[in-house]
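Asks: give me the fold of what follows.
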Amino acid sequence: MYRSLFGLHRFLIIPTVIVVGPITAPTVTVVGPVRHNEDELHKTMIDRIRIPFRTQPQFDSPHLKTNLLIQFHLSRLEFPRVDYVTDLKSCLDQIIRIIQALIDLCAYKALLNPCILCINLLQMIIQARWITDPDILTLPHITDRSFIRIFSSYLFQLIDIKHETLIHKLQSHLTSTQINDIYDYLIRLPQIELNYNIRGFWSINEETRQLPTNVHADQEYTLQITLKRLNRIRVIFIYLF
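Replies: Purely as a prediction, here's the structure:
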């Protein structure tokens with residue numbers, strides 16, 4: 001696991017989906033043995049995944065099966081057998097703990113980029129969405145990409161939407177209960193104000209300056225970031241799929 005973690009450095013420019021590889025590598029086991037004839041099913045499943053394998057896959061490998069389970073989960077594809085649903089539940093329970101451990105290790109080692117990648121992967125697992133998917137699809141009951149044209153905006157632009165406007169947009173597509181679920185979800189999303197500055201020495205005394213600003217070479221500076229929640233804190237519901 002530790003070796004796989006540092007392997008992430010090579011993929012920092014690539015979207016977070018590449019983290020699926022190290023998580024399902026032979027150093028990490030989250031799924032039991034492959035059942036009888038499942039290797040044949042894997043041959044058909046592999047044609048539907050988004051991230052292809054770089055080498056010739058071993059269809060009877062539990063690590064390949066784990067990879068397929070995760071990718072089917074993120075793409076919300078239907079499994080060819082009910083047993084895979086049970087396997088997925090067990091897989092997700094263990095993978096979430098593994099990712100949380102990776103986040104702790106990244107934070108301890110001061111590895112910002114791998115830490116962000118792991119956080120993105122954790123969000124992907126919980127939402128059952130690829131990070132490259134439109135953020136509108138993370139709303140409850142929004143599973144069809146046709147809704148993207150209906151909203152024609154990003155998720156953060158819907159935070160202040162009025163209930164009446166939401167009803168007008170969705171009443172021909174969803175029930176009143178479903179629309180209310182979406183509205184409750186939107187008003188619970190945190191609205192964050194971000195402020196940042198830099199502290200260090202420019203002359204004799206230490207001072208704090210707003211960014212952007214010029215800095216001296218070979219001089220240590222401290223980046224200070226302040227996050228303030230603007231809306232009232234409420235209980236947040238996470239919709240699992």
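Asks: so for the helix or strand hosting residue 120, mean pLDDT?
Replies: With elements delineated by DSSP states H and E, residue 120 resides in helix 112-127, which encompasses its position. Across helix 112-127, pLDDT averages out at 91.
Asks: CA atoms only: put that helix into PDB for me.
Replies: C-alpha atoms of helix 112-127 as PDB (Å, rounded to 0.1, in the frame of the first residue of the first chain):
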ATOM      1  CA  LEU A 112      -0.700  17.600  -0.800                       C
ATOM      2  CA  ASN A 113      -1.400  16.300  -4.300                       C
ATOM      3  CA  PRO A 114      -1.700  12.600  -3.400                       C
ATOM      4  CA  CYS A 115      -3.900  13.700  -0.500                       C
ATOM      5  CA  ILE A 116      -6.200  15.600  -2.800                       C
ATOM      6  CA  LEU A 117      -6.400  12.600  -5.200                       C
ATOM      7  CA  CYS A 118      -7.400  10.300  -2.400                       C
ATOM      8  CA  ILE A 119     -10.000  12.800  -1.100                       C
ATOM      9  CA  ASN A 120     -11.400  13.000  -4.700                       C
ATOM     10  CA  LEU A 121     -11.500   9.200  -4.900                       C
ATOM     11  CA  LEU A 122     -13.300   8.900  -1.600                       C
ATOM     12  CA  GLN A 123     -15.900  11.400  -2.800                       C
ATOM     13  CA  MET A 124     -16.300   9.400  -6.100                       C
ATOM     14  CA  ILE A 125     -16.800   6.100  -4.100                       C
ATOM     15  CA  ILE A 126     -19.500   7.700  -1.900                       C
ATOM     16  CA  GLN A 127     -21.300   9.500  -4.700                       C
END
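Asks: list the buried residues of it.
Replies: Residues of helix 112-127 classed as buried: 114-115, 117-122, 124-127 (neighbour count, 16 or more other C-beta atoms under 10 Å). To be clear about C-beta, it is placed using only N, CA and C from the backbone, and glycine gets the same treatment.
Asks: which one of the residues you listed is nearest to residue 214?
Replies: residue 115 (28.9 Å; C-beta to C-beta).
Asks: against which helices or strands is the helix holding residue 120 packed?
Replies: Counting contacts by 3 or more C-beta pairs under 8 Å, 6 or more residues apart in numbering; DSSP states H and E, helix 112-127 packs against helix 62-75, helix 83-108.
Asks: 6 Å instead?
Replies: The contact analysis (3 or more C-beta pairs under 6 Å, 6 or more residues apart in numbering; DSSP states H and E) places helix 112-127 against helix 83-108.
Asks: same for the helix it packs on, what does it pack against?
Replies: Contact analysis of helix 83-108 by 3+ C-beta pairs under 6 Å, 6+ apart lists helix 62-75, helix 112-127 as its packing neighbours.
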